[in-house]
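> one predicted model, sequence on top.
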Amino acid sequence: MFEEYKFTEHSAADINRMIPKRCRLQGSRCKNCGALFVTKRLICPDCKTGTEFEPVEISGRGKVHTCTAVRIPLLPVLKRGSYAVGVVELEEGARAEGQIVDVELDDVKIGMEVESTVRKAREEYPGKVIYMYRFKPVKKR
Ligand SMILES: [Zn+2]
């Protein structure tokens, strides 16, 4: 599934972006009822009997279903300022939670078109950088 990565002079961010599926949204569809989820499940919460899931490509595009501003970080150690989080209704029908970036807090609106992106989440210690998917507004042309 993953391509073998050979050491190069790329940054950690480049490496994460080059490895397929890493830090990207991956869907899984219940083989019993067809319900689609972004996070992995052991048992399908829709049909309550499905235990087998198939991987589904997720575009990462969708609309903000609901959102809020976090003005006091959950973990002070993260030393992060205010940020927006939301639930995004993806084009494929599944919903995903995530931070919404590249937009002022007061400009995040329900129904806003967004797409997934990869951002540095934190550095646990020098050399170990954690990346996660985020959502950013779709730029209109
Ligand atoms: Zn199911």
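It's in.
> and this protein, which residues reach the ion?
Residues of the chain found near the ion (Cβ under 5 Å from the ion) are 30, 32-33, 35, 44, 46-47, 50. (C-beta placed from N, C-alpha, C; glycine too.)
> for the strand ranked longest in the chain, enumerate the helices and strands it packs against.
Longest strand in the chain, counting residues (DSSP state E): strand 113-125. Using 3 or more Cβ pairs under 8 Å, 6 or more residues apart in numbering; DSSP states H and E, the elements in contact with strand 113-125 are helix 12-18, strand 61-70, strand 95-100, strand 128-137.
> just to revisit the earlier point, nearest to T117, out of the residues of the chain next to the ion: which one, please.
Nearest to T117 among the residues of the chain next to the ion is A35, at 26.0 Å by Cβ to Cβ.
> just give the number of residues close to the closest one.
Residues near A35, counting by other Cβ atoms under 10 Å, number 17.
> then the one 3 residues further on?
Using other Cβ under 10 Å, V38 is surrounded by 21 other residues.
> so what's it up against?
V38 is in contact with 25-28, 58, 90, 94-96, counting by Cβ atoms under 8 Å, 6 or more residues apart in numbering.
> also A96?
Going by Cβ under 8 Å, 6+ apart, A96 touches 25, 38-39, 58, 62, 87-88, 90, 116, 133.
> redo that, cut-off 7 Å
25, 38, 88, 90 (Cβ atoms under 7 Å, 6 or more residues apart in numbering).
> surely the last one and I58 touch.
Yes - L90 is in contact with I58 according to Cβ atoms under 7 Å; the separation is 6.1 Å.
> picking that back up, which one of the contacts of V38 is nearest to the ion?
Set against the ion, the nearest of those by Cβ to the ion is S28 (10.5 Å).
> any stretches of this protein with poor pLDDT?
1-23, 76-80, 141 (pLDDT under 70).
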